[in-house]
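Q: build me a structure from this.
(one chain, ligands or ions: 1)
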Amino acid sequence: MIKEQKAEVAIIVIVDQNNGIGKDGDLLCHLPNDLKHFKKITTGHTIIMGRKTYESLPKGALPNRINIVITSDNADNYPGCIVARSVDEAILLTKDKEKVFIIGGGKIYSSTLHLANKLYLTRIHHKFKDADTFFPEIDFNNWELIEEEKHKADDKHLYDYSFTTFIKKE
Ligand SMILES: NC(=O)c1ccc[n+]([C@@H]2O[C@H](COP(=O)([O-])OP(=O)(O)OC[C@H]3O[C@@H](n4cnc5c(N)ncnc54)[C@H](OP(=O)(O)O)[C@@H]3O)[C@@H](O)[C@H]2O)c1
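A: Next up is the predicted model:
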């Protein structure tokens, strides 16, 4: 595994109370404020995603970000993206960047949680019965909560949710 750690390798994810993150190739629910939060945090930076997460993006590569897709597939199928063949290759491709964001999905989170030193975790205060993709278990002894913002459900958000940010303890 690559040791030359950059300043910030951040994971950004929205989970339900079972650590569920997706169903049938899509998110568990639509929370517009979380999409805004995601956009604000990641714009201008490099994002790394798995092939299935790329396929879930309605308009392909996300604008104003360097998009890296990890896949064994033909690179021509990922317009506007840089294709990497492994997590190590993706991280190596970002070695001159101060910050990189891992944006999912489940397979990529599982193979990168140990590399991350920051975690932007949106919690949906609900348990979905039918999630089929999950975030790996987090040992919160290793993480320090540095920000928390709670929101109530409203006409655009079916569930209460919280934005939390953690940094990895030394
Ligand atoms: N809640 C959230 O914040 C969030 C965020 C992102 C995604 N999601 C959801 O998560 C689901 C997708 O997650 P997923 O786990 O099914 O797929 P994924 O991690 O997005 O993509 C899996 C694919 O990426 C490549 N890949 C992943 N890990 C790799 C590794 N370590 N080395 C080499 N290649 C690797 C492989 O592509 P090839 O098969 O092409 O080789 C693999 O089939 C969707 O439902 C999506 O909506 C949720």
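Q: all the strands of this protein, in order from the start?
A: Under the criterion DSSP state E, strands of the chain are mapped to 8-15, 20-22, 46-50, 66-70, 81-84, 99-102, 118-124, 133-134, 143-151, 161-168.
Q: out of the ones you listed, flag the one nearest L28.
A: Nearest of the strands of the chain to L28, taken as CB to CB: strand 20-22 at 5.8 Å. In this view, the C-beta of every residue, glycine as well, is placed from N, C-alpha and C.
Q: what helices and strands are in contact with the closest one?
A: Counting contacts by 3 or more CB pairs under 8 Å, 6 or more residues apart in numbering; DSSP states H and E, strand 20-22 is packed against strand 8-15, helix 106-112, strand 133-134.
Q: a markdown table for those, including mean neighbour count and mean pLDDT?
A: Listed next are these as a markdown table, based on neighbours: other CB atoms under 10 Å; pLDDT from 0 to 100:
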| stretch | mean neighbour count | mean pLDDT |
| --- | --- | --- |
| strand 8-15 | 20 | 97 |
| helix 106-112 | 19 | 98 |
| strand 133-134 | 19 | 98 |
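Q: of these, which is nearest K95?
A: strand 8-15 (11.3 Å).
Q: could you check the angle strand 46-50 makes with that closest one?
A: 50 degrees (axes from the mean of the first three to the mean of the last three CA atoms, to 10 degrees).
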